[in-house]
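In: The following comprises the amino acid sequence and a computationally predicted model.
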Amino acid sequence: MIDLAPEVIALLCVAATAAGFIDAIAGGGGLITVPALLAAGVNPVAAIATNKVQGSVGTASATWSFWRAGKIDLRMLKWPLVATLVGAAFGAMAITMVDTRWLMVLLPVLLVGIALYFLFGPKASDEDAHARLTPLAYAGVACGIGFYDGFFGPGTGSFFALSLVSLMGMGLTRATANTKALNLMSNVVSVVVLAAGGHVLWLLGGLMAVGQFIGGRLGSHAAMRFGPRLIRPLLVAICLGMVVKLLSDPANPLRVMVGAAIQ
């Protein structure tokens, strides 16, 4: 592990706790922990790999809570889980070989679209609606999101939640619960692939995982208790917060493109 001061490690653990709480409800915790790891001096690939380790623990914690409450439909998720595994494996392999800067252009646009959907689209409630896709057809969508999670990650929970609500007709709390199972699959597979390449900082990831576990348990219980009243506005806030965070970087390619266009 790189040499980090104890206070820096403590701050990273606090960031992981906050990220675990947010991830359990709306996704997007990676946009707290990945920048925190980068700010601590961790190189980008190692930061993403280590984030997957601690994120997997938080997601597992939330998944366990939702599963015990009977909110996860593993029969429906059979093929989507397999597809997510495949997508995440290829995404994690690709990140070590491909420039990720183009994602900084696409990601803010996608996140704004998700926020607008939950703000102005059909009001997502806890009532299930008619599914537009079969679970087998949805597996193709899950594969794409799994690839993105293996390749980069932040916002994956929001993408899964949106697709389960809009394409599979799930109520928002049920969609949030099943999102955790899919996200756990993509996280674990990504960890395995990136660990095989020697990119994971295990000790740091393990310490941050404690915070993720606590945050994940608290967030999942809050989601089940308050349902759409909490999940829907937090999804919107997290999506817009991630956009602001991404565009606050002067080197963000989309910000540079827009700045050049208006000059």
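Out: Received, thanks. Numbering: from 1, shown residues only.

In: which stretches of the stretch 1-150 of the chain form strands?
Out: In the stretch 1-150 of the chain, no segments count as strands under DSSP state E, counting those that start in this stretch.

In: Poorly predicted segments of this protein, please.
Out: The chain contains residues with pLDDT under 70 at 1-2, 26-28, 99-104, 107, 117-118, 121-126, 228, 231, 235.

In: again, only using 50
Out: Across the chain, nothing is flagged by pLDDT under 50.

In: List the buried residues of whatever helix or strand V210 lives in.
Out: Here V210 sits within helix 202-226, counting by DSSP states H and E. Buried residues in helix 202-226, counted by 16 or more other Cβ atoms under 10 Å: 204-205, 207-220, 222-224. C-beta coordinates here come from the backbone N, C-alpha and C atoms, glycine included.

In: same for that helix, what does it pack against?
Out: Packed against helix 202-226 by the contact rule (3 or more Cβ pairs under 8 Å, 6 or more residues apart in numbering; DSSP states H and E) you find helix 6-25, helix 44-68, helix 172-196, helix 228-247.

In: could those be laid out in JSON lines, adding mean neighbour count?
Out: Shown next, in JSON lines, are the helices and strands packed on helix 202-226 (neighbours: other Cβ atoms under 10 Å):
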{"stretch": "helix 6-25", "mean neighbour count": "21"}
{"stretch": "helix 44-68", "mean neighbour count": "25"}
{"stretch": "helix 172-196", "mean neighbour count": "24"}
{"stretch": "helix 228-247", "mean neighbour count": "19"}
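
In: P135: which of these is closest?
Out: Among these, the nearest to P135 by Cβ to Cβ is helix 172-196 (10.8 Å).

In: and the residue nearest the centre of the chain, how far is that from G30?
Out: By Cα atoms, centre = their mean, the chain has its centre lying nearest to T156, at 3.6 Å. Going from T156 to G30 by Cβ to Cβ, to the nearest Å gives 7 Å.

In: got the contact list for L184?
Out: Going by Cβ atoms under 8 Å, 6 or more residues apart in numbering, L184 touches 56, 59-60, 63.

In: which residue sits closest to it, ignoring its sequence neighbours?
Out: Distances taken as Cβ to Cβ, 6 or more residues apart in numbering place T59 nearest to L184, at 4.5 Å, with adjacent residues excluded.
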